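Student: sequence and predicted structure, then a few things I'm wondering about:
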Amino acid sequence: MLALELFFFLILILIAAEIFVNALEHLGERLGISEGVTGSIFAAVGTALPETIVPLLAIFAGTTNQAINEEIGVGAILGAPLMLSTLSMFLMALAVWKHRGTRGHLSPERTGLTRDLNFFLLAFSIAALALFIPHNNPAMRAMLGVVMVLIYFFYVLLTLKASAALVKEGHATEAEDPMFLSKIGLPTNWTTIIIQLALGLGMLVAGAKGFIHGIEAAAPLLGISALMLSLMIVPVATELPEKVNSILWIRKHKDTLAFGNITGAMVFQGTLLPAIGILLTPWAPQKEVLAGVIITLIAAAWLRYMLTRGQLRVWMLAVNGSLYATYLAIALS
């Protein structure tokens, strides 16, 4: 029964992702913005919002056990960037492995991807540093939290500023397929685009919530602690389904949108949420937490290094997948 429940919600998520991606492409085309803005800001933030709620609810309105609330909050905050930088990247490559080959090219717009990775590495390095700031130094923790919030807003400004030039260079967002709502006779306009976006996002939230419920029901059978559950299972259940958007885009050779959806979410969830964690949770270097932070930074640094050497290839993202497997081995040992 539990397996059928998980399967149902997974199908719902896949359908919702198609609806959301279709509407988002039409929104980006109407606004005349670059694929980088559509992927790194609109898609990334839009699909990351449901997952953002998980650690916030855990910290502010979780169980009566504050220690468990904090464990879930920290795990969900750090688990999302870990999963995005490793497992999501690998699955995206896996989706095109057959068609492009092991040495096949991945061709996202370089300046936007470089900007995403640079900002993420900067912000997440600060989050890692904050693990070692003593709790009796709240002023320093508060300062680091404020800096991380400012980093994200500066990132958004730079991404929006670069949009016009990228559109002129041929990186404008283009919708290949008609709006789904137009297929039932509705016109394609601002109203129907917003309605379809809301419909797709609502279905994503419902599917993700149902998927989380099923995963949480299965977790006790595995004997996993609250921290390990939030580090390993919650991010997979909440983040991974929506990253189906990236798989859909990369299979259509829309590599900039595909990468931007993941790396933009990494920046969003590697700045604002760790800032909350630094301010409101113990944020201490436990083995599972420290291992996750280090592996996340290695995964992002690997992509950044490969990008400086030239065009990305499919096999390179297999390294990110192996890093996720490495984390699981460390955390479960």
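Tutor: That came through fine. None of these values were measured; they are calculated from a predicted model. Numbers count the residues shown, from 1 in each chain.

Student: which strand or helix spans Asp177?
Tutor: Secondary structure assignment for Asp177, by DSSP states H and E: no helix or strand.

Student: how close does it get to Phe259?
Tutor: Relative to Phe259, Asp177 is positioned 21 Å away (Cβ to Cβ, to the nearest Å). C-beta: built from backbone N, CA, C; applies to glycine.

Student: so for these two, which sits in the more crowded spot?
Tutor: Applying other Cβ atoms under 10 Å to Asp177 and Phe259 shows that Phe259 carries more neighbours, namely 29 against 13.

Student: so the more buried one sits against Asn245, correct?
Tutor: No. With contact defined as Cβ atoms under 8 Å, Phe259 does not count as touching Asn245 (11.4 Å).

Student: shaky segments in the chain?
Tutor: 1-3, 6, 10, 36, 39-40, 43-73, 166-173, 176, 208-209, 211-242 (pLDDT under 70).

Student: how far away is the residue lying farthest from the centre of it from Glu18?
Tutor: Here the chain reaches farthest from its C-alpha mean at Gly185, the gap being 34.1 Å by Cα atoms, centre = their mean. Separation of Gly185 from Glu18 (Cβ to Cβ): 19 Å.

Student: what do you get for Ile151?
Tutor: Ile151 sits 33 Å away from Glu18, going by Cβ to Cβ.

Student: same check, this time on Ile11
Tutor: According to Cβ to Cβ, Ile11 and Glu18 sit 11 Å apart.

Student: what's next to stretch 129-143, contact-wise?
Tutor: The contact list for stretch 129-143 (Cβ atoms under 8 Å, 6 or more residues apart in numbering) reads 144-145, 274, 278-279, 282-285, 289-290, 293.

Student: by neighbours, which of those residues wins?
Tutor: Pro274 (29 neighbours).

Student: hang on, the earlier thing: of Ile11 and Glu18, who's got more company?
Tutor: Neighbour totals were compared for Ile11 and Glu18, and Glu18 leads with 17 against 11 (other Cβ under 10 Å).

Student: enumerate every residue touching that one.
Tutor: If you count contacts by Cβ under 8 Å, 6+ apart, Glu18 has them with 180, 200, 248.

Student: just the C-alphas of stretch 298-310, formatted as PDB.
Tutor: The C-alpha coordinates for stretch 298-310 follow below in PDB (Å, rounded to 0.1, in the frame of the first residue of the first chain):
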ATOM      1  CA  ILE A 298      33.800  19.700  -3.200                       C
ATOM      2  CA  ALA A 299      30.900  18.900  -5.600                       C
ATOM      3  CA  ALA A 300      30.400  22.600  -6.400                       C
ATOM      4  CA  ALA A 301      34.100  23.300  -6.700                       C
ATOM      5  CA  TRP A 302      34.500  20.300  -9.100                       C
ATOM      6  CA  LEU A 303      31.900  21.700 -11.400                       C
ATOM      7  CA  ARG A 304      33.500  25.200 -11.200                       C
ATOM      8  CA  TYR A 305      36.900  23.800 -12.000                       C
ATOM      9  CA  MET A 306      35.700  21.700 -14.900                       C
ATOM     10  CA  LEU A 307      33.900  24.800 -16.300                       C
ATOM     11  CA  THR A 308      37.200  26.800 -16.300                       C
ATOM     12  CA  ARG A 309      38.800  24.000 -18.400                       C
ATOM     13  CA  GLY A 310      36.100  24.200 -21.100                       C
END
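
Student: how about residues contacting that stretch?
Tutor: Contacts to stretch 298-310, defined as Cβ under 8 Å, 6+ apart, come from residues 82, 85-86, 89, 110, 113-114, 117-118, 120-121, 124, 266, 312, 316, 319-320, 323.

Student: regarding the most centrally placed residue in the chain, what is its secondary structure?
Tutor: By Cα atoms, centre = their mean, the chain has its centre lying nearest to Ala265, at 3.9 Å. Counting by DSSP: H, G, I helix; E, B strand; the rest coil, the backbone at Ala265 sits in helix.

Student: ok, Asn22 to Trp249 distance?
Tutor: 11 Å.

Student: these two - which one has more neighbours?
Tutor: Neighbours per residue (other Cβ under 10 Å) separate Asn22 from Trp249, with Trp249 holding more: 26 against 23.

Student: element containing that one, please.
Tutor: Here Trp249 is assigned to helix 244-251, by DSSP H and E.

Student: sort out which residues of that helix are buried, please.
Tutor: Buried residues in helix 244-251, defined by neighbour count with 16 or more other Cβ atoms under 10 Å: 244-250.

Student: kindly report the same for stretch 306-326.
Tutor: Counting neighbours by 16+ other Cβ under 10 Å, the buried set in stretch 306-326 is 306-307, 312-314, 316-321, 323-324.
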